[in-house]
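[1] Coordinates only, no sequence provided:
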């Protein structure tokens, strides 16, 4: 990619802000596009002349076009896990993704990166997983040379995954597991994913490639709980709970303003999320993968 500005949609989110920082470390100018540009100033400061916060609603075609004007690269790091009003899985992961890719194509953007997820499948019975898969197809239809990055469950000191597990393990004398804890996970450091996106944008060739990003080890859910508990000095009692019970609990929880669990999250825990052996990933991009044990040490030492 030629030297130029990179527009990052969702640049103030969990992954997006890491992408912004990595791009700046690579010497690239970054335009942080979000609905609340003031958050960019709080996250990144106001002193960097090569970092530009802009207000952009992904549902507004003109706002998306303005955010992409003159950009050499673009990243869609927008994610949605709970549907609210007009922010549905279809409107965000399919329609908005296609809008960004289409406007990027019209603006002459050289590289477009779509962040999706391992297991994205337009034929999935899960609404969330299906819309992720449809989003990939919509992006490639609008921007044929788009690069798709599919992370496994992303982790970091300020995540919503390990942090939640740690908090619940500390609070609950008996921890209810998803099913029998046999779902296989390959959690990945979000910083590794951000570095992967930065390296993809730095590469010169323009071609459609899909990367799957996973950590160095595959765990069962029960094994992962053991790792988290051990680093926190805990010895929890684990109670298997059928997925049918989890779905019933999630259905009730979704009536709350901030549900602690959603049916979408339950569905994600019913399927394995591990990288495919025949799909390129972090290794092919020359990235050394951080372990969950490393992240847990950071989290525990920082508390």
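    Arrived safely. Just so we're clear, the structure is a prediction, and the values are computed from it rather than from any experiment. Numbers count the residues shown, from 1 in each chain.

[2] can you give me the strands in this structure?
    5-9, 29-34, 51-55, 73-76, 111-115, 147-151, 154-155, 174-178, 184-185, 188-189, 210-213, 219-220, 237-241 (DSSP state E).

[3] Please identify the most buried of the ones you listed.
    Among the strands of the chain, strand 73-76 has the highest mean neighbour count (mean count of other CB atoms under 10 Å), at a mean of 29. Any C-beta I mention is one placed from the backbone N, CA and C, and that applies to glycine too.

[4] Compare the strands of the chain and give me the one nearest residue 272.
    Nearest to residue 272 among the strands of the chain is strand 184-185; the distance by CB to CB comes to 4.1 Å.

[5] closest to residue 82 out of the strands of the chain?
    strand 154-155 (16.9 Å).

[6] List the residue ranges of the stretch 1-150 of the chain that fall below the pLDDT cut-off.
    1-3 (pLDDT under 70).

[7] Turn the strands of the chain into a markdown table, columns for distance to residue 229.
    A markdown table is the format used below for the strands of the chain (distance: least, CB to CB, whole Å):
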| stretch | distance to residue 229 |
| --- | --- |
| strand 5-9 | 35 |
| strand 29-34 | 36 |
| strand 51-55 | 39 |
| strand 73-76 | 35 |
| strand 111-115 | 30 |
| strand 147-151 | 24 |
| strand 154-155 | 16 |
| strand 174-178 | 8 |
| strand 184-185 | 16 |
| strand 188-189 | 20 |
| strand 210-213 | 26 |
| strand 219-220 | 13 |
| strand 237-241 | 9 |
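
[8] of those strands, which approaches residue 284 most closely?
    Comparing those against residue 284 with CB to CB, the closest turns out to be strand 210-213 (7.5 Å).

[9] what's next to the closest one, contact-wise?
    Contacts with strand 210-213, where a contact means CB atoms under 8 Å, 6 or more residues apart in numbering, come from 118, 147-152, 188, 192-193, 196, 200, 275-276, 279-282, 284-285.

[10] isn't residue 299 right up against residue 161?
    No: Residue 299 lies out of contact with residue 161 (CB atoms under 8 Å); the separation is 11.2 Å.

[11] do you know how far the residue nearest to residue 162 when sequence neighbours are not counted is from residue 48?
    Distances taken as CB to CB, 6 or more residues apart in numbering place residue 155 nearest to residue 162, at 5.0 Å, with adjacent residues excluded. According to CB to CB, to the nearest Å, residue 155 and residue 48 sit 27 Å apart.

[12] and if you look at residue 33?
    16 Å.

[13] tell me the pLDDT at residue 300?
    You'll see residue 300 listed with a pLDDT of 85.

[14] and residue 123, backbone torsions?
    With angles defined as degrees, to the nearest 10, residue 123 sits at phi -100, psi 10.

[15] Renumber starting at 475 from here on
    Got it, the first residue is 475 from now on, which makes the last one we talked about residue 597.

[16] give me the number of residues near it?
    8 (other CB atoms under 10 Å).

[17] Report the contact partners of it.
    604, 607.

[18] Do a quick rundown of the helices in the stretch 575-724 of the chain.
    601-616, 636-645, 664-676, 695-705, 717-727 (DSSP state H, counting those that start in this stretch).

[19] most packed of those helices?
    When the helices of the stretch 575-724 of the chain are compared using mean count of other CB under 10 Å, helix 664-676 is most buried, at a mean of 23.

[20] and it, how far out from the chain's middle?
    Between the centre of helix 664-676 and the centre of its chain there are 12 Å (CA atoms, centre = their mean, to the nearest Å).
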